[in-house]
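Q: Give me coordinates for this.
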Amino acid sequence: MIIVAGVALLAWLWLTATGFWRTDQRLPPPRRPARWPDVAVVIPARDEAAVLPETLPTLLAQRYPGRLRLILVDDGSSDGTAELARALGGERLSVTAPGPRADGWTGKLWALAHGVAEAGEAEFLLFTDADIVHGPDSVTALVSAATERDLVSQMARLRTRTAWERLVVPAFVYFFAMLYPFRRVNGPGRTAAAAGGCCLVRRTALERAGGVAAIRDAVIDDVALGRAVKRTGGRVWLGLADDVRSVRPYPTLWSLWQMISRSAYTQLRHSVALLAGTVLGLAVVFLAPPVLTFASAGDPRVLAPALAAWLLMTLTFVPMLRYYRQPWPAALLLPVTAALYLAMTVDSAVQHWRGRGAAWKGRSYSRERG
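A: Numbers count the residues shown, from 1 in each chain. Next up is the predicted model:
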């Protein structure tokens with residue numbers, strides 16, 4: 001118990017020092033560039049009729065000074081997504097379909113590649129999901145930030161209406177930042193990532209990275225795109241959004257479980273060794289401090305480091321809770337959420353071993369690259 005408590009404290013001292021928990025990576029105020037480049041917004045959509053009336057008008061209402069073209073790619077929807085999009089967008093929106101998906105492609109990336117081809121020679125491409133609401137100056141701010149970068153991505157503020165969403169969602173972004181610290185992503189090192197819900201990429205940088213085809217089989221396509229762009233010399237930026245948010249509901253624990261478990265084992269590159277290390281790491285870093293705090297029987301050799309580790313864990317989670325406008329005492333529940341994530345990760349591996357793989361809207365991918 002003494003050793004485990006000590007290891008947990010050392011881990012939290014190191015994690016706290018890395019600053020992964022900071023929420024200060026935000027887009028700067030827009031600056032007027034020498035010229036406003038042409039932008040094509042590509043929206044892959046599969047059975048999104050429920051959210052389009054809320055999200056699509058925010059893209060149609062963008063106050064972008066340059067030329068802006070909107071392209072919605074209907075990815076085999078069965079709920080009238082294409083018809084609804086045409087009714088909402090009129091002549092301001094191009095609605096197209098990619099045709100039968102080629103072998104080796106995920107559905108979303110097949111749709112994105114089709115949208116890129118439809119976009120012509122636009123200098124920038126904004127990939128945004130159909131469930132994303134944009135503030136009226138979203139595109140302007142993204143383009144302004146991209147004048148010195150090749151990829152600018154914002155992690156949309158996710159929905160936190162239900163009790164389960166409030167418990168799980170802030171931790172989801174917190175854990176993502178732990179894996180891909182935003183400051184390191186935005187620096188010159190090898191760490192790279194992006195957020196697929198709102199990702200502006202320079203066309204020439206995308207082409208240099210091999211185009212969408214270079215990541216055609218990726219389930220975690222946003223991270224794969226960030227890596228591809230940065231690996232080929234591109235300058236990448238990732239931060240939290242202020243005026244970009246998702247309206248996709250995850251009202252129950254099961255819906256959140258499916259959302260996380262469908263790609264958790266892919267994130268670990270389908271490696272049993274990485275799975276074992278992740279389970280052990282979550283257990284020692286997140287679960288051991290509160291367990292040992294109560295199991296120490298007052299032994300200061302266990303209680304002091306365990307309590308200190310739990311305190312650091314709690315304090316580093318508070319900024320993310322404030323970003324999501326949640327009360328700070330909820331940070332004390334982070335070990336509970338970590339236990340759920342541990343179970344979701346193990347379940348993701350079990351589903352993969354059973355041959356089910358990642359699944360999304362009626363599609364299952366038994367073997368994908370992260």
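Q: Ala49 and Thr81: what is the separation?
A: Ala49 sits 5 Å away from Thr81, going by Cβ to Cβ, to the nearest Å. (Each C-beta comes from the backbone N, C-alpha and C, glycine too.)
Q: hang on, I meant Val285
A: Distance from Val285 to Thr81, counting by Cβ to Cβ: 42 Å.
Q: Of these two, which one has the most company?
A: Thr81 (23 against 19; other Cβ atoms under 10 Å).
Q: residue contacts, Ala264?
A: Residues counted as contacts of Ala264 (Cβ atoms under 8 Å, 6 or more residues apart in numbering) are 341, 344-345, 348-349.
Q: Neighbour-wise, which one of those leads?
A: For the contacts of Ala264, counting by other Cβ under 10 Å, the largest number of neighbours falls to Ser348: 25 neighbours.
Q: Enumerate every residue touching that residue.
A: By Cβ under 8 Å, 6+ apart, the neighbours of Ser348 are 260-266.
Q: mind checking which helix or strand it is in?
A: helix 334-353 (DSSP states H and E).
Q: which parts of that helix are buried?
A: 334-335, 337-338, 340-342, 344-349, 351-352 (16 or more other Cβ atoms under 10 Å).
Q: pull the CA atoms of that helix into PDB?
A: Provided in PDB are the C-alpha atoms of helix 334-353 (Å, rounded to 0.1, in the frame of the first residue of the first chain):
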ATOM      1  CA  LEU A 334     -13.300  11.700 -11.200                       C
ATOM      2  CA  PRO A 335     -12.200   8.300  -9.900                       C
ATOM      3  CA  VAL A 336     -15.700   7.000 -10.500                       C
ATOM      4  CA  THR A 337     -15.600   8.200 -14.100                       C
ATOM      5  CA  ALA A 338     -12.100   6.700 -14.500                       C
ATOM      6  CA  ALA A 339     -13.500   3.300 -13.400                       C
ATOM      7  CA  LEU A 340     -16.200   3.600 -16.000                       C
ATOM      8  CA  TYR A 341     -13.600   4.400 -18.700                       C
ATOM      9  CA  LEU A 342     -11.500   1.400 -17.600                       C
ATOM     10  CA  ALA A 343     -14.600  -0.800 -18.100                       C
ATOM     11  CA  MET A 344     -15.400   0.800 -21.400                       C
ATOM     12  CA  THR A 345     -11.800   0.200 -22.600                       C
ATOM     13  CA  VAL A 346     -11.900  -3.400 -21.600                       C
ATOM     14  CA  ASP A 347     -15.300  -3.900 -23.300                       C
ATOM     15  CA  SER A 348     -13.900  -2.300 -26.500                       C
ATOM     16  CA  ALA A 349     -11.100  -4.900 -26.500                       C
ATOM     17  CA  VAL A 350     -13.600  -7.700 -25.900                       C
ATOM     18  CA  GLN A 351     -15.800  -6.600 -28.700                       C
ATOM     19  CA  HIS A 352     -12.800  -6.400 -31.000                       C
ATOM     20  CA  TRP A 353     -11.800 -10.000 -30.000                       C
END
